[in-house]
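Asker: Requesting a structural model of the entry that follows:
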Amino acid sequence: MACFNGKMKSLSQSNKSSSPMDTILLVDSFESHVLRFLASLDATDLTRNHYRKRLKQFALWIEQLGKVVITRQVVLDYKRYLKDQKYEASTIGAYLVAVRQFFGWCEINNVHVDVTRGIKGAKRPKGHRRDALTISQIHRLLSSIDQSTDIGMRDFVIINTMIRVGLRSIEVIRARISDIRPINSQSVGLWVHGKGRDEADEFVVLTEDCLSPIMNYISKRGPLKQDAPLFASLSDGSYGSGLSTCTIRRVVKERLRNAGLSSPRICGHSLRHSCLTLAIEGGASIQEVQKLGRHADISTTNGYLHFRDRAKGAGEHSVQEILRK
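Answerer: Numbers count the residues shown, from 1 in each chain. Below you'll find the model as predicted:
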């Protein structure tokens, strides 16, 4: 990309009405400002990489428009452009967060005024963006996977674990053999390296129907080091190494499609969503589900409780009873 090769023309150049700080940010030095911004972040390498990609997207859009001065209206136009591309609200929000954080840093460091102040992210729709699977759909999905092959066994264990303990994709790829260890004299847990965490510092309880397939899968792989990935690649070029989140999403999508469950509303996150929904329906307390889901804010967990109560106490049933009289 021309922007990141230092060959683009000025994004923001001098004009009579601009203050000095308005005119310093140049596209031929954009990359250096981004690198300084990324280096200043108190974040993981993964988070820095996300910010870099999102800022690259913004720079490319500016380049295509031929804009020379970045104003508040330019950022608002960018927000409208993202909506026109039919991105989900969460994706639009992530792109705008990167732009807002960058220009906030620019103003603090006297590089450019913060033209993003007060610009909000896209409004998220109410409710969950993905559907949970029904119990019959879960059984259909799991029974459709042929475990007689290495890849079938691995995919079954991944999906079964995600459904039973609600792992996120990032938690699946970070899991190590050594993360499985006793919690007490009766229970075994998987210590989870969650998003935004520096290490595996929370655990989920591995019930028998979850632990047994995992241990069988590990034993079939032969001798392994304790720091080996719990779920490993079977590709020739990366055999035995860890998986990527893209691979997890692809595996789940393919297995869902093979089970006749292909839908835009069902994806990898639906497995986690199913786990927490089943926990609520099974009588777990809101605090127990919060710990299972590793939610920092209990209001996130309350969303599951709301859906259960809405379905149980549906006013629609009262309407039906009246009309039947």
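Asker: What's the separation between the closest residue to A259 other than its chain neighbours and V115?
Answerer: Distance criterion CB to CB, 6 or more residues apart in numbering; nearest residue to A259, sequence neighbours excluded, is S144 at 4.1 Å. In this view, the C-beta of every residue, glycine as well, is placed from N, C-alpha and C. Plainly put, S144 is 52 Å away from V115 if you go by CB to CB, to the nearest Å.
Asker: Next: Q287.
Answerer: Distance from Q287 to V115, counting by CB to CB: 43 Å.
Asker: These two - which one has more neighbours?
Answerer: Per other CB atoms under 10 Å, whichever of Q287 and V115 has more neighbours is V115, with 22 against 10.
Asker: Let's verify the more buried one: helix, strand, or coil?
Answerer: coil (DSSP: H, G, I helix; E, B strand; the rest coil).
Asker: just checking, it touches R72?
Answerer: Yes. Using CB atoms under 8 Å, V115 is in contact with R72, at 4.6 Å.
Asker: Now do the same contact list for K83.
Answerer: Going by CB atoms under 8 Å, 6 or more residues apart in numbering, K83 touches 92, 122.
Asker: Looks to me like it is in a helix.
Answerer: Yes. Assessed by three-state DSSP, K83 belongs to a helix.
Asker: Below-threshold pLDDT in the stretch 201-325 of the chain: ranges please.
Answerer: Within the stretch 201-325 of the chain, the ranges that satisfy pLDDT under 70 run 305-318.
Asker: all strands of it, in order?
Answerer: Counting by DSSP state E, counting those that start in this stretch, the stretch 201-325 of the chain has strands at residues 202-205.
Asker: Quick one: residues contacting the residue of the chain most remote from its centre.
Answerer: Within the chain, the residue lying farthest from the chain centre (CA atoms, centre = their mean) is K325, at 49.1 Å. Contacts of K325 were listed using CB under 8 Å, 6+ apart, and none were found.
Asker: One more: T245?
Answerer: Taking CB under 8 Å, 6+ apart, we find T245 in contact with 169-170, 173.
Asker: what's the closest of the residues you listed to I298?
Answerer: Nearest to I298, judged by CB to CB, of the contacts of T245 is I170 at 21.5 Å.
Asker: which SS state does the closest one fall under?
Answerer: At I170, secondary structure determined by three-state DSSP is helix.
Asker: quick one, what contacts it?
Answerer: Shown in contact with I170 (CB under 8 Å, 6+ apart): 194-195, 245.
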